[in-house]
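Engineer: When you get a sec, could you give me coordinates for this:
(chains A and B)
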Number of protein chains: 2
Amino acid sequence: MEVFEAIKRRHSYRNAFLDRNVPREDIEKIILAGIRAPSGKNAQTTSFVAVDNKKLLEEIGQMHTMKAMRTAKAMIVCIMDKNPQAVYEGYAFQIEDCAAAVENMLLAITALGYAAVWIDGWLRLEGRAEKIGKLLNIPQEKFIRVLLPLGVPEEKLEQKQKKPFGQRACFNQYNIRF
Amino acid sequence: MEVFEAIKRRHSYRNAFLDRNVPREDIEKIILAGIRAPSGKNAQTTSFVAVDNKKLLEEIGQMHTMKAMRTAKAMIVCIMDKNPQAVYEGYAFQIEDCAAAVENMLLAITALGYAAVWIDGWLRLEGRAEKIGKLLNIPQEKFIRVLLPLGVPEEKLEQKQKKPFGQRACFNQYNIRF
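Structural biologist: As a prediction, the model looks like this:
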C-alpha cells in the first residue's frame, strides 16, 4: 500500500476481529517496521513481545471490556526501561522512540489489511502493565508501555476526523486559531 | 512509494541539501501526514509551523553547525503545550502524539524524495527552543519540541543499521538477549 494511503486509512480499531489468525510472517513484518523506526542516537530502546499464544491472548484479553482486546488474534507489547539511560546531554528519548515504532507498526498493520488500537493509559491503571508483564516474563527493570491488539477487522471503519489544516498548522509565524 | 519501502528508506539526514526549493504543496502534504497521526483521545495536541521564509531559515540555520540545518530549504517546527491537559485518568500524551506525527512526516518526506532529521535534544539546550519560538511568534504557553530541517538531499544515504530481530523482539515470553 502506498504510504499516504496507509497514513490516511490507519485508524484506531476497538471493535471485534474476525476469527482469522495473523501468521507469524506478518507479525514479523510488522515488528520489523517498528525496529526500523528512528530512535534518539539510534539507541533502539524499545523491545517487543509478540503474543500469539491462545491462552495468553485470552488471559490478557479478559482484563479489558474492549472487543478488540477480547478477540485479538495477536498482540504486540512494547517494552521500555524503568530507568532509561541518557543518550544526549542527560536526556533519554525512549518515549519518543517507542511512539515512532508504534506508528510505523500501525502503518504496517494497515498496509497488511489488519487493524489495531494504541493502548497506553489503560495499562498504567490497576497494575495492569505489571500483571501482563508477569505473564510475559518481562524483567524487573523493564515495563510495558504500549500494547497493540490486532487482527482482521470485522467492521470497516475510517480514521476519526482531524481538525482542518489551519487549526493545526501555519507558515513562518504562529497564527493558529482554535 | 510503498509504505514498507518508505519505512526502510527513511534515515536521519544531517548533510547538505541541494539548492532546490520545497514547494508549499509538498510541505502541506507532509504536514497533513502529521495531522493524520493518532493522538491520545484524538486530542491532536501537536501544532506545526512550517518555515520557508529565507531570512528565517538562515537565522535558525546559523544557530547550528549541522549542514542540514544550515542548508535546509524548509523546516517543520512541532509545538506542544508547557502545561498539557490530561486527556485520560490524569495522563497527557502529547509527547507520544508529537512523535507519531513526526514519524508520519518523516515517511511522507521520504516518499516525496526529500530527506530530514529529527532534532529534539539540541533545542533543549542554551535556550534554543525559546530563541526560535520568539522568531516564529510562538505563544508563551507553548514550546517547540521538535524541528525537522528538510530539502532534497545532496548525498544518497541509507538508514543506520538496526539490531537484528532477536535482539529487539520475541514471541510470548521475554527472552531477548543483548
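Engineer: for chain A, what's the longest helix?
Structural biologist: Ranked by residue count under DSSP state H, the longest helix found in chain A is helix A:94-111.
Engineer: so what's the residue nearest to residue A:158 when sequence neighbours are not counted up against?
Structural biologist: For residue A:158, ignoring the flanking residues on the chain, the nearest one in space by CB to CB, 6 or more residues apart in numbering or on different chains is residue A:11 at 6.0 Å. The C-beta positions use only the backbone N, C-alpha and C, and glycine is treated the same way. Residue A:11 makes contact with A:115, A:157-160, according to CB atoms under 8 Å, 6 or more residues apart in numbering or on different chains.
Engineer: Mind jotting down where the strands sit in chain A?
Structural biologist: Per DSSP state E, chain A carries strands over the ranges A:47-51, A:74-81, A:115-116, A:142-151, A:169-171.
Engineer: Pick the most deeply packed of those.
Structural biologist: The highest mean neighbour count among these belongs to strand A:115-116 (a mean of 27), with neighbours defined as mean count of other CB atoms under 10 Å in any protein chain shown.
Engineer: right, is that one up against chain B?
Structural biologist: No. Using CB under 8 Å from any CB of the partner chain, strand A:115-116 never reaches chain B; the gap is at least 10.2 Å.
Engineer: circling back: on contacts alone, who are the packing partners of the longest helix of chain A?
Structural biologist: helix A:3-9, helix A:24-35, strand A:74-81, strand A:115-116, strand A:142-151, helix B:3-9, helix B:94-111 (3 or more CB pairs under 8 Å, 6 or more residues apart in numbering or on different chains; DSSP states H and E).
Engineer: List the neighbouring strands of the third one plus their orientation.
Structural biologist: Next to strand A:74-81 in the sheet, as set by DSSP bridges, lie strand A:47-51 (antiparallel), strand A:142-151 (antiparallel).
Engineer: could those strands be laid out in a markdown table, adding distance to residue A:101 and mean pLDDT?
Structural biologist: Below are the strands paired with strand A:74-81 laid out as a markdown table (distance: least, CB to CB, whole Å; pLDDT from 0 to 100):
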| stretch | distance to residue A:101 | mean pLDDT |
| --- | --- | --- |
| strand A:47-51 | 8 | 98 |
| strand A:142-151 | 9 | 98 |
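Engineer: Confirm for me that residue A:12 is in contact with residue A:120.
Structural biologist: No. Taking contacts as CB atoms under 8 Å, residue A:12 lies outside contact range of residue A:120: 11.5 Å.
Engineer: From one end of stretch A:105-119 to the other, what's the distance?
Structural biologist: In stretch A:105-119, first residue to last residue: 13 Å (CA to CA, to the nearest Å).
Engineer: Contacts only, for the closest residue to chain B within chain A.
Structural biologist: Of all residues in chain A, residue A:99 sits closest to chain B, at 3.5 Å by CB to the nearest CB. By CB under 8 Å, 6+ apart, the residues touching residue A:99 are B:95-97, B:99-100, B:103.
Engineer: Check those residues for burial and list the buried ones.
Structural biologist: Among those, those buried by neighbour count (16 or more other CB atoms under 10 Å in any protein chain shown) are B:95-97, B:99-100, B:103.
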